[in-house]
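>>> with the input below, show me the fold.
(chains A, B, C and D)
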Protein chains: 4
Amino acid sequence: MLSFECDYNNGAHPLVLAHLLETNEDLQPGYGEDCYTQSAANKIRRFCGTPNADVYFLAGGTQTNVVVLSAILQPFEGAVSAKTGHIHAHEAGALENAGFKVLDVPSHQGKIDPKELNALFAAFYADANREHMVFPGAVYLSHPTEYGTLYSKAELEQISILCKQYDARLFLDGARLGYALASKNTDLTIADICRLCDVFYIGGTKVGALCGEAVVFPNGTMPKHFPNHVKKLCAMLAKGRLIGAQFDALFTDDLYLKLGRQAIETAELLKKILHEKEYSFFLETDTNQQFVILENENMQKLSESVRFGYWEPYDATHTVVRFATSWSTTFEQLKQLEDVL
Amino acid sequence: MLSFECDYNNGAHPLVLAHLLETNEDLQPGYGEDCYTQSAANKIRRFCGTPNADVYFLAGGTQTNVVVLSAILQPFEGAVSAKTGHIHAHEAGALENAGFKVLDVPSHQGKIDPKELNALFAAFYADANREHMVFPGAVYLSHPTEYGTLYSKAELEQISILCKQYDARLFLDGARLGYALASKNTDLTIADICRLCDVFYIGGTKVGALCGEAVVFPNGTMPKHFPNHVKKLCAMLAKGRLIGAQFDALFTDDLYLKLGRQAIETAELLKKILHEKEYSFFLETDTNQQFVILENENMQKLSESVRFGYWEPYDATHTVVRFATSWSTTFEQLKQLEDVL
Amino acid sequence: MLSFECDYNNGAHPLVLAHLLETNEDLQPGYGEDCYTQSAANKIRRFCGTPNADVYFLAGGTQTNVVVLSAILQPFEGAVSAKTGHIHAHEAGALENAGFKVLDVPSHQGKIDPKELNALFAAFYADANREHMVFPGAVYLSHPTEYGTLYSKAELEQISILCKQYDARLFLDGARLGYALASKNTDLTIADICRLCDVFYIGGTKVGALCGEAVVFPNGTMPKHFPNHVKKLCAMLAKGRLIGAQFDALFTDDLYLKLGRQAIETAELLKKILHEKEYSFFLETDTNQQFVILENENMQKLSESVRFGYWEPYDATHTVVRFATSWSTTFEQLKQLEDVL
Amino acid sequence: MLSFECDYNNGAHPLVLAHLLETNEDLQPGYGEDCYTQSAANKIRRFCGTPNADVYFLAGGTQTNVVVLSAILQPFEGAVSAKTGHIHAHEAGALENAGFKVLDVPSHQGKIDPKELNALFAAFYADANREHMVFPGAVYLSHPTEYGTLYSKAELEQISILCKQYDARLFLDGARLGYALASKNTDLTIADICRLCDVFYIGGTKVGALCGEAVVFPNGTMPKHFPNHVKKLCAMLAKGRLIGAQFDALFTDDLYLKLGRQAIETAELLKKILHEKEYSFFLETDTNQQFVILENENMQKLSESVRFGYWEPYDATHTVVRFATSWSTTFEQLKQLEDVL
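Here you go, the predicted model:
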């Protein structure tokens, strides 16, 4: 069956698997001290143009969000997030389990509005009772957001300035960063992200890897004894090479960018087809996720020939669904989709 | 260079990798809902002879210890462990980070003495101030232990009886379980472990997999909403298939047992060689880890031709070191070792 | 200076202090095992009409909220609260520090709307991804709310029914419960609260005591080893008698109700004066807190002769302020206030 | 009945209560911003001879231990304690609940041996795997210890030097500090404690107060936003004046020292009587706690006329019991005890 329900429903890109295979018998130390992890970190430093960056590999997105935020927050602080941010809505309270509150601001198609962020900061620091409240010590963004939308350079600059002004760190969740960087409609480069964020991660799980996310502290500000913190949060793999080798492959010969482009180009075609077939968009984005409104009976019928993601009820007789492309989506698959739409 | 320093310094068994490859393009749901994870769980149920067991896959050992113990402990309880137990000594305080205390008993070459365990329980329940103390709500064992030693069936039975008597759950850390089951000098079977433990795990990372441990609740007593708990502890992989497919391969055609046997047979030869070369044993075990005492200067010289694990100082001029075989150790490698010893 | 800024700016009622004095030299066991604590618990059971209730004394409001909620929530659950609920807004993230998320619903002058609560439950249980989300395991209400408003019997009944339907516990924060029970405009009795809630507390700190809150599980459902939980959360006093003796006095000869009435009667007079002086109400309530809108310059001038609480900016030139009466407010003080308003 | 079982079985010293009474109607801000708390802090600064000290008041001992240690430890650190230390043995796992491990060293009548502490530090920093272990970031001492014993100046100096050498903070639990300072056999002054410790507390609960402990950071190194941390750990009282006023009284006209002396002088007489009556000492100390060995049948008989503390079994037919004096013990009571011994 055709499958457009998400971007993590198959394995890894063949070159990633090949690298796991070819390095399999090499004897290497554990816990991320292996040469593939070192090589991957170096390639990412070059990719980012930040020779002094600290790079650390973790297994998944929720884990990365919690490990990073709990390391950069002080005990009296919490993290600001859009109401629809992954840490707030879909991580089973993992950040709170680590002891930190999420302070929410409204979500605008997944994005934080810098003006509303400013208002939150200003109100907090104007409040005489703030010692009884949670300090906004970090801002959490996802880029692309959970809705596939992107921040512009101007927006991220505004947010970055606010963070500096109010002594908050800026953390960008890049679970799908490859799809942001490859978008045809973005002015935000990896160099901008490195310049504007205190820490971010380059997502592997949804962009060609079996698992793995690369945390980047572009200015080399990784907290002291970060590996101990990772171990304490149960996030250290004995065979760190599993993630290191995958990123070593992803950052060889621009593979990561190529995978991003494949998802974007197929998404562009997907949008074109959806328009031609006169589907009604709930949200049309510049990345790999597209949201359309289906009449419930049609949705039922369509689900017999293609998998898509149920997003939310639209009204009594319609539903919002998500079609997602990925690095592995082919033009052939889109042709088949066209036939059943 | 020859490498006997640990059992996690290479990748996965070729059949495990092959299964990842052959299933790579199959589209499957995420978060452990894929068919390979289901298949692996079924094979493990058969292997254990426990058709009603709950089986759940996690990525690594520390993670598994914390996820399981924090799920089976009540808020007023802690876990009893030998002083050398992995949760007490080498997990960076991960269980305490989850809010639970480790109550230690002496270590006898890594093992808990049932008499001393009984004394701990008895003293606790005789103490009038026990509401101000941590209840011993679970017993944590490793089998093999961190020192490669094994519990006998009689010992595990005694411990199991004590646990039932004092309302504590029994959890067995089987990071190297394959090497226990394949030992030539054990009377403890997987059926015994299922009968005597409330929960245990079958280690993959150190027995042929890239990562992954299979948690088994033999009586189907997995806590309610366990997947939510896993997510909250940042331990859920989006592509759960990565672990599921590996265990699917490990439990096909007795591969897991065969891997165990390879490590044991090479360990038996290793012991023979060490005896013939008149090395002084600190601890000779029935599994894949052997501990010998080296004169410091000799140790230095030997380390130029073979890697081994530094364990602890023995006296001013000697050191305890560990030689470990694994599923991937070959008889050829032992021949080479013999030449350099 | 006249002082109407809050209800915790002096010491205790003379009869409460007198009881501390007259019991001071009596030798009693520690940790709440003393006879005054037992006596107070019995008097509260009688007051509530719940002979099987479990009653436990803690020192303060935030502490009580966290100790109770963390005891009644399961690991996969969080607490639903109005956005303005004390646990969400003014406890420095204490509940999150204990590992639990607050799930917020809109605040209607401090109150939860049963319809919106129903919508939250329904949406949660309709969501296929709910294993990745925090289960709404308890509902937190304050009565009176932080805005001095009260739930009606019909409202609390609706909320209680929803809680039973969706397997959530109902917890009522009664930091100012004395002022709710004494209100002239409430149909909700202590018997109703006992019938409808799983657990609530009777506030002492703001109603005549130096410190102390009485937690009541009306049906005797106090979690197992609750004292151990209290100790683990650092909330157990060695001299538990300090709180026990105070509640013993508060629940002798209806003192608690008398204190409530004094605050309500002075609040009624306060409202009358404010109306006569043509102050503009932001929120006029049936309890001891009244909110009025002051022009900023007038506010400045008024603050020279009376203390009141700054609540929030109203617009560029006006501010919302709070006038609070308490058990210790006298009619004489109101007369003085009338002169300066 | 005569009562020598502990030092917290009655209320407060009359002058402490009197100060609560005389300040009762004074209107003061909440949360420790009142004038009595400020006055008490100033008096304690003078008492300590540390004009720049930060002084903060909390309600009880376990609470103070957890609030302080969790504020001064970094996430990768734990606290070293004697095996019998209160944080390790009798706080229901409260420090672990806050996320921090206790690293234990042997107890020598309650005390840490500086040599063994040095060995712990040295072994930790020599261990190549220390990133997988808990860093010894603080040393916890009690003075007097749980066994009534005292550190000498030389011992505390050695421990302090080790702490500086190994980058650990030194925290002294002074729940019974008054009885240490008044001991006839100590060379350790409050000035020494201020010079050698990073933080300590002056116990009130066991030395004349209803509740309360005064935390002292002698060098003004209280962590940033400490009140927020206190709030987050549920340890802030709305009426902070309750503790402030008590310490204000305790540090007026040397009352705290006088209370200490009364306990010590009655303890000296107690020891004399026990010797004359030929009781067998388990541990004879220089403070207010004395431990004797009773034949079990005699113990039973004696318990009909005097209360004492059961400590631990000595052998099959004998038990160790504790006799404790306190600030409120009178010479008349000792005369009565003499008659029944």
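>>> chain D contacts on chain A?
Contacts of chain A with chain D, taken as Cβ under 8 Å from any Cβ of the partner chain, map to A:31, A:70-71, A:74-76, A:99, A:131-132, A:135, A:224-225, A:227-229, A:231-232. (Glycine included, C-beta is placed from N, CA and C.)
>>> so for chain A, the centremost residue is which one?
Centrality entry for chain A: nearest residue to the mean C-alpha point is A:Ala175, 2.1 Å, by Cα atoms, centre = their mean.
>>> contacts only, for it.
For A:Ala175, the contact set (Cβ atoms under 8 Å, 6 or more residues apart in numbering or on different chains) comprises A:61, A:86, A:142, A:201, A:203, A:205-206, A:213.
>>> do the same with A:Phe200
By Cβ under 8 Å, 6+ apart, the contact list for A:Phe200 reads A:171-174, A:177, A:193-194, A:215-216, A:218.
>>> just the helices in chain A please.
Counting by DSSP state H, residue ranges of the helices within chain A are A:14-22, A:35-48, A:61-72, A:86-89, A:94-97, A:114-126, A:153-165, A:177-181, A:190-196, A:226-232, A:241-250, A:255-276, A:296-302, A:331-340.
>>> in JSON lines: the ones you listed, plus distance to chain C, mean neighbour count and mean pLDDT.
Written out in JSON lines, the entries for the helices of chain A read as follows (distance: least, Cβ to the nearest Cβ, whole Å; neighbours: other Cβ atoms under 10 Å in any protein chain shown; pLDDT from 0 to 100):
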{"stretch": "helix A:14-22", "distance to chain C": "26", "mean neighbour count": "18", "mean pLDDT": "98"}
{"stretch": "helix A:35-48", "distance to chain C": "29", "mean neighbour count": "19", "mean pLDDT": "98"}
{"stretch": "helix A:61-72", "distance to chain C": "9", "mean neighbour count": "26", "mean pLDDT": "98"}
{"stretch": "helix A:86-89", "distance to chain C": "7", "mean neighbour count": "22", "mean pLDDT": "97"}
{"stretch": "helix A:94-97", "distance to chain C": "4", "mean neighbour count": "27", "mean pLDDT": "98"}
{"stretch": "helix A:114-126", "distance to chain C": "8", "mean neighbour count": "15", "mean pLDDT": "97"}
{"stretch": "helix A:153-165", "distance to chain C": "19", "mean neighbour count": "18", "mean pLDDT": "98"}
{"stretch": "helix A:177-181", "distance to chain C": "21", "mean neighbour count": "29", "mean pLDDT": "98"}
{"stretch": "helix A:190-196", "distance to chain C": "27", "mean neighbour count": "19", "mean pLDDT": "98"}
{"stretch": "helix A:226-232", "distance to chain C": "15", "mean neighbour count": "23", "mean pLDDT": "97"}
{"stretch": "helix A:241-250", "distance to chain C": "22", "mean neighbour count": "28", "mean pLDDT": "98"}
{"stretch": "helix A:255-276", "distance to chain C": "22", "mean neighbour count": "20", "mean pLDDT": "98"}
{"stretch": "helix A:296-302", "distance to chain C": "14", "mean neighbour count": "13", "mean pLDDT": "96"}
{"stretch": "helix A:331-340", "distance to chain C": "23", "mean neighbour count": "14", "mean pLDDT": "96"}
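>>> need these in TSV (columns: distance to C:Glu155).
Shown next, in TSV, are those (distance: least, Cβ to Cβ, whole Å):
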stretch	distance to C:Glu155
helix A:14-22	57
helix A:35-48	55
helix A:61-72	37
helix A:86-89	28
helix A:94-97	28
helix A:114-126	30
helix A:153-165	40
helix A:177-181	46
helix A:190-196	48
helix A:226-232	45
helix A:241-250	52
helix A:255-276	46
helix A:296-302	35
helix A:331-340	50
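>>> same list, the ones you listed, but as JSON lines with distance to chain B please.
Converted to JSON lines, these look like this (distance: least, Cβ to the nearest Cβ, whole Å):
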{"stretch": "helix A:14-22", "distance to chain B": "6"}
{"stretch": "helix A:35-48", "distance to chain B": "10"}
{"stretch": "helix A:61-72", "distance to chain B": "4"}
{"stretch": "helix A:86-89", "distance to chain B": "11"}
{"stretch": "helix A:94-97", "distance to chain B": "5"}
{"stretch": "helix A:114-126", "distance to chain B": "26"}
{"stretch": "helix A:153-165", "distance to chain B": "24"}
{"stretch": "helix A:177-181", "distance to chain B": "15"}
{"stretch": "helix A:190-196", "distance to chain B": "22"}
{"stretch": "helix A:226-232", "distance to chain B": "4"}
{"stretch": "helix A:241-250", "distance to chain B": "5"}
{"stretch": "helix A:255-276", "distance to chain B": "15"}
{"stretch": "helix A:296-302", "distance to chain B": "17"}
{"stretch": "helix A:331-340", "distance to chain B": "10"}
